[in-house]
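Engineer: Would you be able to build a 3D model of this:
(2 chains)
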Amino acid sequence: MKPFFLLRSKRTPHPSVLSSVSSLSSDSNSNSSLILQTKHLLRKSQDHLHVLSLIDSGSLQPRLDLYSDLIKQCTNLKKLREGMAVHQHFLSSRFNPDLFFLNSVVNMYCKCASLEDARKVFDEMPERDVVTWTALMTGYAQNEQPLDALRLFPMMLGLGVPPNQFTFATLFKAAGAANGYEIGEQVHAVCVKFGCDLDVYVGSSLLDMYARQERMLEACLVFDMLESKNEVSWNALIAGYARKVDGENAMMKFREMQRSGFKATHFTYSSLFSACAGTGALEQGKWVHAHMVKSGQKLIAFIGNTLLDMYAKAGSIQDARKVFDRLDKRDVVSWNSMLKACAHHGLGKETISLFEEMRSFGIQPNHITFVCVLTACSHAGLLAEGQHYLKMMKMYKLEPEIEHYVTVVDLLGRAGLLEQAQKFIDEMPIEPNAAVWGALLGACRMHKNVELGKFAAERVFQLDPHDSGPPVLLSNIYASTGRWTEAARVRKMMKESGVKKEPACSWVEMENSVHMFVANDDSHPQIREILKFWEETNVKIKEVGYVPDKNHVLLFVDEEEREARLQYHCEKIALAFALLNMPPGATIRIMKNIRVCGDCHSAIKLVSKVMEREIIVRDKNRFHHFSKGSCSCDDYW
DNA sequence: CTAGGGTTAG
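Structural biologist: You can find the predicted model right below:
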């Protein structure tokens, strides 16, 4: 801590404070009225340091409550420098601090994110009450030290200080942030014992903790038991479903919230948009957007950013751009989201010019900005640009992180420069992780390089033995080069080690519901009709030159069977379903949880031509806009 | 004097 006199204000004192003090200071009896006036004027001038100098000069006799006011204001304004000065000044005064005052000081340091100072005051306090403990816990919880917050609880109980609802609200927040669910559950039990579990603050925090663990059943139970509910508890519940990408339940709770007479807040809307973004539910999202406009809710950045992302993830880059243009204030997240949207739609040049525009506005890019820009370069094959922007990070004092290196390996690898990519990995200043080798492995799969692929796959196995991605890729490399025995060996290894492949699935939104298709699953009520329709379509595209590319069937089966298997890829089934049910001319949007396969890609291109349809496919990595027989990715993805 | 809910990458 710096001594107080080094922190003295250099600013000119607020004139009203000066004049009021000088007019009154001659009258020694009116010190208390002087203090009152000082307090009042302090609220306007906020010149804490000047008040201290008045005390030093003898113009003002301090009182404990004046110090309290000064500390409180520094807390609200989060002015650490001034708060420290007041604290130091107080220590050199003749006053003995009481518990209340020291609690305020602890709280001041916590709110100013200076936890070490808070802890020091806390440790030196002769006595502590529930407020002291809770203030420090909250400090830790709000400053990304949730474990430190949790550790205080047993100490507090051990010393016989009974917790209150404030304490529990903070503890559950800390437990949720620290993934400390076992601890959270134990605290829940203690909370019930102290009769605090029905409080709305405690409840919101508690249900949020369960929701973060995807335990929505428990979250709902806590919610239902609450004595009274408010916007926050509703929002916590809706946000829980949104995080799980459970749009259906999120929407259901939203409607219930309305019926119960609560108005949606910007928290509510941003959760709902991110829920819709997860499934790419454009129609639902549009409905919520309309609801928001009608409610009079302004398009502030926090909502705008999720709304933009929602349109982008539903494949409508034009709507995303419209939201971006209408935002009154764009923060770095707005720019990043728009950059990412362009990048995922394969608009490399546009991403770069948007980024240059961002720089010309003087907006400070962050790490995520560069991930977006580099991703754009990678998807569009902009080699030189990618390397240029990686170097540019230094200009902004940003150290490239592993994610940036992954993207550059991807960039080089996609372009077929496999040796250069390997050299790049060897020369990286940080230790390559599984994702880096995974990117190289992916490139080997793309360019059918068995030897380097094997090498990369071994690295990934070592670093991340539980990921199903690498073995699948490796077996695909073998399979696509006709080395079936080796492919089968990898598959067998996977089976034995218990690594499970994520099942492929595709889905289509129609009339406010989502229809999902999983490979080899015939549970959809329309399935027979869909398959028949696809067979007919298949004949049509074969007439214009479709040749099934059996490289993409990776099972060890005979030729005929492999062609048959190809026809049941879930994106094809989803496409057939959409063609069958959607009005002519309507754009078809298909989502897939993993990358679209090469054979489906060529099939869909031809479908867009033969059926005269605009088809948008969102896969794990990017968007494909199919139209008139070609795709926006130019077959580079 | 102490409390709870929301966004961007891979």
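Engineer: all contacts plus neighbour counts: C-alpha atoms, from now on.
Structural biologist: Will do.
Engineer: so A:Asp69 touches A:Thr38, yeah?
Structural biologist: No. Counting by C-alpha atoms under 8 Å, A:Asp69 does not reach A:Thr38; the two are 10.3 Å apart.
Engineer: Pick out whichever of these two has more residues nearby.
Structural biologist: More crowded of A:Asp69 and A:Thr38, by other C-alpha atoms under 10 Å: A:Thr38, with 20 against 17.
Engineer: mind checking pLDDT for the more buried one?
Structural biologist: Note on A:Thr38: pLDDT of 86.
Engineer: contacting residues around the residue of the stretch 301-450 of chain A found nearest DNA strand B?
Structural biologist: Of all residues in the stretch 301-450 of chain A, A:Val333 sits closest to DNA strand B, at 3.6 Å by C-alpha to the nearest atom of the strand. By C-alpha atoms under 8 Å, 6 or more residues apart in numbering, the contact set of A:Val333 is A:Asn305.
Engineer: Please enumerate the strands of chain A.
Structural biologist: Along chain A, the stretches classed as strands by DSSP state E are A:505-510, A:513-518, A:588-592, A:615-618, A:623-627, A:630-631.
Engineer: I'd like those strands as a markdown table, with mean neighbour count appended.
Structural biologist: Below are these laid out as a markdown table (neighbours: other C-alpha atoms under 10 Å):
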| stretch | mean neighbour count |
| --- | --- |
| strand A:505-510 | 22 |
| strand A:513-518 | 18 |
| strand A:588-592 | 25 |
| strand A:615-618 | 24 |
| strand A:623-627 | 24 |
| strand A:630-631 | 20 |
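Engineer: Just send those strands back as JSON lines, with distance to A:Gln318 too.
Structural biologist: Shown next, in JSON lines, are the strands of chain A (distance: least, C-alpha to C-alpha, whole Å):
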{"stretch": "strand A:505-510", "distance to A:Gln318": "19"}
{"stretch": "strand A:513-518", "distance to A:Gln318": "23"}
{"stretch": "strand A:588-592", "distance to A:Gln318": "15"}
{"stretch": "strand A:615-618", "distance to A:Gln318": "13"}
{"stretch": "strand A:623-627", "distance to A:Gln318": "13"}
{"stretch": "strand A:630-631", "distance to A:Gln318": "18"}
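Engineer: closest one to A:Ala384 among these?
Structural biologist: Distance to A:Ala384, taken as C-alpha to C-alpha, is lowest for strand A:623-627 among those, at 23.1 Å.
Engineer: I'd like the strands of chain A as TSV, with mean pLDDT and distance to DNA strand B appended.
Structural biologist: Output for the strands of chain A, formatted as TSV (pLDDT from 0 to 100; distance: least, C-alpha to the nearest atom of the strand, whole Å):
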stretch	mean pLDDT	distance to DNA strand B
strand A:505-510	89	19
strand A:513-518	87	20
strand A:588-592	93	15
strand A:615-618	93	12
strand A:623-627	92	12
strand A:630-631	90	20
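Engineer: Those strands: which one's closest to A:Ala219?
Structural biologist: strand A:513-518 (24.6 Å).
Engineer: mind checking how far that closest one is from the chain centre?
Structural biologist: 25 Å (C-alpha atoms, centre = their mean, to the nearest Å).
Engineer: what's the angle from that strand to strand A:588-592?
Structural biologist: Inter-element angle recorded for strand A:513-518 and strand A:588-592: 50 degrees (by axes from the mean of the first three to the mean of the last three C-alpha atoms, to 10 degrees).
Engineer: partners of strand A:513-518, with directions?
Structural biologist: Using DSSP bridges, strand A:513-518 pairs in its sheet with strand A:505-510 (antiparallel).
Engineer: Now do the strand it pairs with: distance to the chain's middle.
Structural biologist: For strand A:505-510, the distance from its own C-alpha centre to the chain's C-alpha centre is 24 Å (C-alpha atoms, centre = their mean).
Engineer: same deal with stretch A:33-52?
Structural biologist: Computed by C-alpha atoms, centre = their mean, the chain-centroid distance of stretch A:33-52 equals 43 Å.
Engineer: Now do the buried residues in that stretch.
Structural biologist: A:34-35, A:38-39, A:41-42, A:46-52 (16 or more other C-alpha atoms under 10 Å).
Engineer: same thing with stretch A:354-366?
Structural biologist: In stretch A:354-366, counting by 16+ other C-alpha under 10 Å, buried: A:Leu354, A:Phe355, A:Met358, A:Pro365.
Engineer: I'd like to know how far A:Ser630 sits from A:Lys605.
Structural biologist: Remark: distance between A:Ser630 and A:Lys605 (C-alpha to C-alpha, to the nearest Å) = 5 Å.
Engineer: again but with A:Leu580, I slipped
Structural biologist: Applying C-alpha to C-alpha to A:Leu580 and A:Lys605 gives a distance of 17 Å.
Engineer: Could you check which of the two has the larger neighbour count?
Structural biologist: A:Lys605 (23 against 15).
Engineer: how close does the closest residue to that one other than its chain neighbours sit to A:Asp635?
Structural biologist: Closest residue in space to A:Lys605, ignoring its immediate chain neighbours: A:Gly629 at 4.6 Å, by C-alpha to C-alpha, 6 or more residues apart in numbering. Separation of A:Gly629 from A:Asp635 (C-alpha to C-alpha) stands at 12 Å.
Engineer: which of the two has more neighbours?
Structural biologist: Each of A:Gly629 and A:Asp635 has its neighbours counted (other C-alpha under 10 Å); A:Gly629 has more, 18 against 11.
Engineer: OK, contacts around the more buried one?
Structural biologist: Here A:Gly629 is in contact with A:Lys605, A:Leu606, A:Val607, A:Ser608, A:Lys609, A:Val610 (C-alpha under 8 Å, 6+ apart).
Engineer: Which ones among the residues you listed lie within helices?
Structural biologist: Judged by DSSP state H, helices contain the following of these: A:Lys605, A:Leu606, A:Val607, A:Ser608, A:Lys609, A:Val610.
Engineer: which stretches of the stretch 301-450 of chain A form helices?
Structural biologist: A:301-313, A:317-326, A:332-344, A:348-360, A:367-380, A:383-395, A:402-414, A:418-426, A:434-446, A:450-463 (DSSP state H, counting those that start in this stretch).
Engineer: which one of these lies closest to A:Leu159?
Structural biologist: helix A:301-313 (42.9 Å).
Engineer: could you check the angle helix A:332-344 makes with that closest one?
Structural biologist: Going by the same axes, to 10 degrees, helix A:301-313 makes 0 degrees with helix A:332-344.
Engineer: which secondary structure elements does helix A:301-313 contact?
Structural biologist: helix A:266-279, helix A:282-295, helix A:317-326, helix A:332-344 (3 or more C-alpha pairs under 8 Å, 6 or more residues apart in numbering; DSSP states H and E).
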